[in-house]
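>>> Following is a predicted model, sequence given first.
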Amino acid sequence: MSTLTSTLSRLIRVADWLMWSRVVRWGTLVTGLLSMGLVFGYASDTMYGIEHGANLIAYWHVPMAWVAALALSVTFLGSGLYLRYGGRFWNRLAHSAGEIGFLFATLTLLTGSIWGRVVWNSWWEWTDVRLVTFLIVWFIYAGYLLVYGATDRTSDERYAAVYGVLGFITVPISYLSTRLWTPTFHETTLANPEVSANIDPLTLGVSFVAATLLYGYLMALRMELHELTDRVRTQPHGGDH
């Protein structure tokens with residue numbers, strides 16, 4: 001048990017160091033500026049044979065979808081560790097990631113709708129398996145946040161943790177949907193040499209790094225807010241001020 005406790009403590013220290021590292025803070029700024037420079041100054045706005053400025057949204061739409069998946073995976077991991085070992089840190093981690101994942105999932109849907117209006121002449125298409133399954137993910141994690149917000153920070157936290165574990169099944173289904181079923185509009189972007197979107201790999205790669213670092217920085221801020229909230233809750237009430 002002591003070995004397990006030591007391992008979990010190390011994991012917590014590593015996660016804390018990663019989130020508050022100067023590499024993350026400065027990396028977010030530098031790669032973010034570099035991403036914008038490449039998107040607006042280097043990348044082509046012609047995709048699928050259509051020349052339009054809105055095509056540049058793709059360089060942030062795809063990384064935001066990746067961050068949403070990453071964050072919701074952390075929610076799954078944190079929820080599972082909380083159910084197995086307890087500890088407020090893991091539930092803070094799960095909820096913080098869930099909030100950020102839901103935010104990025106929302107931005108993914110919005111930017112995808114704008115981009116889709118240009119390249120597919122449609123804001124939304126119910127026959128596209130990726131769109132529909134990703135919308136299901138969005139609803140599932142809206143539910144997770146509602147469940148978390150409706151429970152006390154006591155033993156009731158288990159309800160949100162169980163939800164965070166079970167709800168995760170929708171994430172890999174959505175991200176693998178274009179490989180599992182025939183898509184109407186979406187095609188597999190990553191690891192697909194036949195992709196026809198004409199996305200510049202350098203610009204997309206830098207945007208991926210920028211979005212991932214931004215996620216790490218936002219996680220640090222949200223975790224700190226959780227800690228401050230917990231301190232306020234545990235302070236004795238009444239008495240002199």
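Looks like it came in fine.
>>> From now on I want contacts and neighbour counts done on CA atoms only, so please keep to that.
Noted.
>>> hmm, who's touching stretch 79-94?
Contact with stretch 79-94 is made by 12, 74-78, 157-158, 160-162, 164-165, 223, 226, as judged by CA atoms under 8 Å, 6 or more residues apart in numbering.
>>> Can you tell me which of the residues you listed are buried?
74-78, 157-158, 160-162, 164-165, 223, 226 (16 or more other CA atoms under 10 Å).
>>> of these, the lowest pLDDT goes to which?
Scanning those for pLDDT, the low point is residue 157. It has 79.
>>> leaving aside the residues next to it on the chain, what's closest to it?
Using CA to CA, 6 or more residues apart in numbering and skipping residues adjacent in sequence, the residue nearest residue 157 is residue 151, 6.4 Å away.
>>> wait, what's in contact with the one you found?
157, 159-160.
>>> where's residue 231, which helix or strand?
helix 201-234 (DSSP states H and E).
>>> ok, back up a step: got a markdown table for the buried ones among the contacts of stretch 79-94, with secondary structure too?
A markdown table is the format used below for the buried ones among the contacts of stretch 79-94 (DSSP: H, G, I helix; E, B strand; the rest coil):
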| residue | secondary structure |
| --- | --- |
| 74 | helix |
| 75 | helix |
| 76 | helix |
| 77 | helix |
| 78 | helix |
| 157 | helix |
| 158 | helix |
| 160 | helix |
| 161 | helix |
| 162 | helix |
| 164 | helix |
| 165 | helix |
| 223 | helix |
| 226 | helix |
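>>> Out of those residues, flag the one nearest to residue 212.
Relative to residue 212, the closest of the buried ones among the contacts of stretch 79-94 is residue 74; by CA to CA it sits at 12.9 Å.
>>> send the alpha carbons of the helix or strand residue 40 falls within over as CSV?
Per DSSP H and E, residue 40 falls inside helix 22-41. Listed next in CSV are the C-alpha coordinates belonging to helix 22-41 (Å, rounded to 0.1, in the frame of the first residue of the first chain):
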residue,chain,number,x,y,z
ARG,A,22,7.1,27.9,-17.3
VAL,A,23,7.4,25.7,-20.4
VAL,A,24,3.6,25.5,-20.5
ARG,A,25,3.0,29.2,-19.8
TRP,A,26,5.6,30.5,-22.2
GLY,A,27,5.0,27.7,-24.7
THR,A,28,1.3,28.6,-24.8
LEU,A,29,2.1,32.2,-25.7
VAL,A,30,4.9,31.4,-28.2
THR,A,31,3.2,28.6,-30.1
GLY,A,32,-0.1,30.5,-30.0
LEU,A,33,1.4,33.5,-31.8
LEU,A,34,3.3,31.2,-34.1
SER,A,35,0.1,29.4,-35.0
MET,A,36,-1.7,32.6,-35.8
GLY,A,37,1.2,33.8,-37.9
LEU,A,38,1.3,30.5,-39.9
VAL,A,39,-2.5,30.4,-40.3
PHE,A,40,-2.8,34.0,-41.6
GLY,A,41,0.5,34.4,-43.3
